[in-house]
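Trainee: What follows is a protein structure lacking sequence information:
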């Protein structure tokens, strides 16, 4: 459903459409957990309730799309919302080959170096050094997070790399589609249990 901010507020206040959407709207009013999804400079929000979840994805500056899900549908919905292609069963995700683990070892870098390399890669400029090898064939950088945990991935032509923040550095770890599927499902389940 497409909504403006005012339309979303009206739904939450109980307009005529609200009754059939109530389990998901209850998640917004009293969430067990809230997730933030980031990709390509856009930010979406997901509220997880007792019985359902609600995902609000901006379409442009004025309009957003509202998606409502049963809790068992949430991992696949989150995966699709960030454009990941993990090894998930069901729907069109099963028709695609999940990404393979890229060649290479884990790499530890300074957060500022990674940010600069990602900005360059987004504009088609190759980073120098080991980051250039990791980011070669850059496709996307996305993140799903709550207040306690995050799943962050850099998608490249060679395969996905998990971004794991440490106290002083960021570690890039080569992962595969199965890892992505499990990480997103774990984050969604943790939110549903919160």
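Mentor: The structure has been received and is ready for your questions. Note that the structure is predicted; figures quoted are calculated from it, not measured.
Trainee: per-residue confidence at the nearest residue to residue 103 once chain neighbours are set aside?
Mentor: Of all residues not flanking residue 103 in the chain, residue 158 sits nearest, at 6.7 Å (CB to CB, 6 or more residues apart in numbering). Using the backbone N, CA and C atoms, a C-beta is placed for each residue, glycine as well. Reported pLDDT at residue 158 in the predicted model: 89.
Trainee: what's residue 158 sitting at in phi/psi?
Mentor: Taking degrees, to the nearest 10, you get phi -80, psi -20 for the backbone angles of residue 158.
Trainee: Give me the domain ranges for the chain.
Mentor: 2-92, 107-185 (automatic domain parsing).
Trainee: Lowest mean pLDDT across the ones you listed, which one is that?
Mentor: Minimum mean pLDDT among the domains of the chain: domain 2-92, a mean of 84.
Trainee: Just give me the residue right at the centre of this protein.
Mentor: Nearest residue to the geometric centre of the chain (CA atoms, centre = their mean): residue 144, 3.7 Å.
Trainee: what about that one, helix or strand, and which?
Mentor: strand 138-145 (DSSP states H and E).
Trainee: All the helices of this protein, residue numbers only.
Mentor: Remark: helices assigned in the chain by DSSP state H are 5-13, 22-29, 74-82, 111-122, 130-135, 177-193.
Trainee: Now tabulate those in CSV and tack on mean neighbour count and distance to residue 65.
Mentor: What follows is the helices of the chain, written out as CSV (neighbours: other CB atoms under 10 Å; distance: least, CB to CB, whole Å):
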stretch, mean neighbour count, distance to residue 65
helix 5-13, 14, 11
helix 22-29, 19, 13
helix 74-82, 21, 10
helix 111-122, 16, 24
helix 130-135, 19, 30
helix 177-193, 19, 19
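Trainee: Out of these, which gets nearest to residue 62?
Mentor: Proximity to residue 62 (CB to CB) singles out helix 5-13 among the helices of the chain, at 7.8 Å.
Trainee: So what touches the closest one?
Mentor: If you take CB atoms under 8 Å, 6 or more residues apart in numbering as the criterion, helix 5-13 is touched by 3, 17, 18, 21, 25, 28, 29, 56, 62, 64, 66.
Trainee: try stretch 161-173
Mentor: Residues contacting stretch 161-173 (CB under 8 Å, 6+ apart): 102, 106-111, 114, 134, 141, 143, 150-154, 174-175, 179, 183.
Trainee: cutoff 6 Å now
Mentor: Contact with stretch 161-173 is made by 106, 107, 108, 109, 111, 114, 134, 152, 153, 154, 174, 175, as judged by CB atoms under 6 Å, 6 or more residues apart in numbering.
Trainee: Please report how far the third one lies from residue 167.
Mentor: Per CB to CB, to the nearest Å, residue 108 is found 12 Å from residue 167.
Trainee: same thing with the first one?
Mentor: Here the criterion is CB to CB. By it, residue 106 lies 16 Å from residue 167.
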